[in-house]
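Peer 1: model the following, please.
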Amino acid sequence: MRLHPSGKFLHPAAWNPLGRPIGLLIGSALISLLLIGTGHAESPGDAKLGKVIYVKNCVACHGQRGDGLGSRSSLPNFTDAKAMAAKTDQELFDKISTGGKGTGMPAWNTILTEQDRRHVLAYIRTFSNP
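Peer 2: A predicted model of the protein is given here:
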């Protein structure tokens, strides 16, 4: 218990001017900081930034328009709306991150940051959504 300067005991709600347990406020703040600090408070990709990364790293194989008609014409066609709708963002992100075993596509998780890979994902989604 805490004492008021007058010597009277204070009710716990009076310890905090907001009337809420301090632990709840501190706990909420810590959880928010942890989520932001560990990257779990993910932000979606930015297609404009993704285009810059795509042009630099992906266009040679996947083509300028994402139609898979780069140096390897058997690659996925990102302009095929039906095929792209069948793929979740997580599936595409995982493929970008870990590469394609036996396809020649590298694992970009060792080259690009997680956020850069999200930017690329956002950009390749634009090919099937004119």
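Peer 1: now do the buried residues in stretch 104-111.
Peer 2: 105, 108 (16 or more other CB atoms under 10 Å). C-beta: built from backbone N, CA, C; applies to glycine.
Peer 1: so after the lowest-mean-pLDDT helix or strand in the chain, what's the next helix or strand?
Peer 2: When each helix and strand of the chain is scored by mean pLDDT, DSSP states H and E, helix 22-38 comes last, with a mean of 50. The element immediately downstream of helix 22-38 (helix or strand, assigned by DSSP states H and E) is helix 47-57.
Peer 1: now do the buried residues in that next one.
Peer 2: For helix 47-57, using 16+ other CB under 10 Å, the buried residues are 47, 49-51, 53-54, 57.
Peer 1: which of those sit farthest apart?
Peer 2: Largest separation among these by CB to CB: A47 and N57, giving 15.3 Å.
Peer 1: this protein: strands as residue ranges?
Peer 2: Taking DSSP state E, the strands of the chain run over residues 2-3, 9-10.
Peer 1: poorly predicted segments of this protein, please.
Peer 2: For the chain, applying pLDDT under 70 flags the ranges 1-43, 70-73, 130.
Peer 1: hmm, who's touching stretch 49-61?
Peer 2: 62, 64, 66, 70-72, 75, 104-105, 108, 111-112, 116, 118-124 (CB atoms under 8 Å, 6 or more residues apart in numbering).
Peer 1: and what of stretch 76-93?
Peer 2: 62, 65-68, 117-118, 121, 124-125, 127-129.
Peer 1: now do the same end-to-end measure for that stretch.
Peer 2: 14 Å (CA to CA, to the nearest Å).
Peer 1: same question for stretch 50-67.
Peer 2: Terminal-residue distance, stretch 50-67 (CA to CA): 16 Å.
Peer 1: burial measure for Q90, as a count.
Peer 2: Using other CB atoms under 10 Å, Q90 is surrounded by 9 other residues.
Peer 1: about what we covered before: out of the contacts of stretch 76-93, who's nearest I96?
Peer 2: R117 (5.0 Å).
Peer 1: any idea how far the residue lying closest to that closest one once chain neighbours are set aside lies from C61?
Peer 2: Excluding its sequence neighbours, the residue lying closest to R117 (CB to CB, 6 or more residues apart in numbering) is I96, at 5.0 Å. Distance of I96 to C61, given as CB to CB, to the nearest Å: 13 Å.
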